[in-house]
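Asker: coords below, sequence missing:
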């Protein structure tokens, strides 16, 4: 299907569909001397793809997107630099009208990349990634806030770039990655 040109050297890294009339694709454009890297968010409405603005600053990346059964969505990524004065770990939430930046736990706000996200409802979502120091990062949305969850692996070292979540009914709520 034809899509709007998201920019020079654009890469789409995550896609998720809630229905035949609603799908999301996310990624970023390449930086050049003339233009900075920018987040790319595309929405499929059942007939056409449309580019939507991102509330995150330029120079950020989106790696993955997940939808909830009720039509909400989460997108996650990373800043292009880990400067505490300018860049924050990226979590965006779709409220049905616009994308908004979600608060990130203070312990990972300025030093993490999120590579994967999965959601089963408006009150349950998971995001995974790693910190700039190479520690595993797991976050859970409880309907109110994103909270850090300890790794079950017995080690804090590593990188996670994909996650799956299962709704209580037993249905998988994550697209294959």
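Answerer: Everything's here; your move. It should be emphasised that the depicted structure is a prediction, and the values quoted were computed from it without experimental measurement.
Asker: Tell me, how many residues neighbour the residue nearest to residue 94 when sequence neighbours are not counted?
Answerer: Computed as Cβ to Cβ, 6 or more residues apart in numbering, the closest residue to residue 94 that is not its neighbour in sequence is residue 73, at 3.8 Å. No exception for glycine: its C-beta is placed from N, CA and C like everyone else's. By the criterion of other Cβ atoms under 10 Å, residue 73 has 25 neighbours.
Asker: same thing with residue 133?
Answerer: Residue 133 has 9 nearby residues by other Cβ under 10 Å.
Asker: Write down the beta-bridge partners of the residue nearest to residue 94, one by one.
Answerer: Applying DSSP bridges to residue 73 gives these bridge partners: residue 67, residue 94.
Asker: quick one: it and residue 26 touch, right?
Answerer: No - applying Cβ atoms under 8 Å as the test, residue 73 and residue 26 come out as separate, 9.4 Å apart.
Asker: Need the residues touching each of those two.
Answerer: Shared contacts of residue 73 and residue 26 (Cβ atoms under 8 Å, 6 or more residues apart in numbering): residue 65.
Asker: now the closest residue to residue 70 other than its chain neighbours: how far from residue 138?
Answerer: In space, and not counting its chain neighbours, residue 70 is closest to residue 122: 5.8 Å by Cβ to Cβ, 6+ apart. Applying Cβ to Cβ, to the nearest Å, the value for residue 122 to residue 138 is 20 Å.
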